[in-house]
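In: with the input below, show me the fold.
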Amino acid sequence: MLFAAFFRNLNLGRAGSPTKAQLVAAFETAGAHDVLSVHAHGNVAFSAAGERKARAVAEAANDRLRTLCGLDEPVFVRSVKYLTELAAAEPFANAPIDDIHERCVTFLPHDIADLNGLPIVTARRDAEIFGLVPGQAFSVTRLVGGRPGAVNALLERRLRTRLTSRSWTTVLRMTQLLPAA
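Out: Numbering: from 1, shown residues only. Okay, the predicted model is just below:
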């Protein structure tokens, strides 16, 4: 099965982050097959024999990266099949549409099923979280004063845990690039 791993704050080649070759090698050493770094920063596609194995591979690769370059960030794993189904469900169909800069998905631990009231809108209206399914929150950002809202920071403060967010376009590109079967 194909899986996608999304790292928080992994910037290839920068201090505290691996190079692309190191990232791929960490997954291969952990037992992944067909490893591919996708769209430059912190997105990895790989094959593994089931979800439990994929999570174990990603955690082992993460441990290797911690030892290798000091990366100490969480990694979130989703099957490409699941991401394809999520995209087909059109989670942005009822999203706010006014002055949108970017549509975003934030990967959450699977046990987070409630954010205590949606939508969550920042005082500046530069970020708005409007949807939630187990493991993912959906949001939009707006440019205010030339800067977009910071959805990830908003959710990390609210949930008191480290998360990672991606442009919804990145997830869509991954589902198009990688076969879900």
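In: residue 147 - how many residues pack around it?
Out: 12 (other C-beta atoms under 10 Å). The C-beta positions use only the backbone N, C-alpha and C, and glycine is treated the same way.
In: would you mark the buried spots in stretch 59-73?
Out: Across stretch 59-73, burial judged by 16 or more other C-beta atoms under 10 Å covers 60, 61, 62, 64, 65, 69, 71, 73.
In: would you put the C-alpha positions of that stretch in PDB?
Out: Output in PDB follows, covering the C-alpha atoms of stretch 59-73 (Å, rounded to 0.1, in the frame of the first residue of the first chain):
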ATOM      1  CA  GLU A  59       8.500   6.500  13.400                       C
ATOM      2  CA  ALA A  60      11.700   4.500  12.800                       C
ATOM      3  CA  ALA A  61      12.600   7.000  10.100                       C
ATOM      4  CA  ASN A  62      11.800   9.800  12.400                       C
ATOM      5  CA  ASP A  63      14.100   8.300  15.100                       C
ATOM      6  CA  ARG A  64      16.900   8.000  12.500                       C
ATOM      7  CA  LEU A  65      16.500  11.600  11.500                       C
ATOM      8  CA  ARG A  66      16.500  12.700  15.200                       C
ATOM      9  CA  THR A  67      19.900  10.900  15.600                       C
ATOM     10  CA  LEU A  68      21.300  12.000  12.200                       C
ATOM     11  CA  CYS A  69      20.400  15.700  12.200                       C
ATOM     12  CA  GLY A  70      18.600  16.600  15.400                       C
ATOM     13  CA  LEU A  71      15.100  16.800  13.800                       C
ATOM     14  CA  ASP A  72      12.700  16.500  16.600                       C
ATOM     15  CA  GLU A  73       9.300  16.900  15.000                       C
END
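In: how about stretch 107-122 as PDB, C-alpha atoms only?
Out: Output of stretch 107-122 as PDB, limited to C-alpha atoms (Å, rounded to 0.1, in the frame of the first residue of the first chain):
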ATOM      1  CA  PHE A 107      -3.000  16.900  10.300                       C
ATOM      2  CA  LEU A 108      -4.000  16.000  13.800                       C
ATOM      3  CA  PRO A 109      -3.700  13.000  16.000                       C
ATOM      4  CA  HIS A 110      -6.600  10.600  15.200                       C
ATOM      5  CA  ASP A 111      -8.100  10.900  18.600                       C
ATOM      6  CA  ILE A 112      -9.000  14.600  18.200                       C
ATOM      7  CA  ALA A 113     -12.600  14.600  17.100                       C
ATOM      8  CA  ASP A 114     -13.700  18.000  18.300                       C
ATOM      9  CA  LEU A 115     -12.400  21.500  18.400                       C
ATOM     10  CA  ASN A 116     -15.100  22.900  20.700                       C
ATOM     11  CA  GLY A 117     -17.000  25.000  18.300                       C
ATOM     12  CA  LEU A 118     -16.500  25.700  14.600                       C
ATOM     13  CA  PRO A 119     -15.800  27.900  12.900                       C
ATOM     14  CA  ILE A 120     -12.700  29.200  14.700                       C
ATOM     15  CA  VAL A 121     -11.800  32.600  13.300                       C
ATOM     16  CA  THR A 122      -8.800  34.700  14.400                       C
END
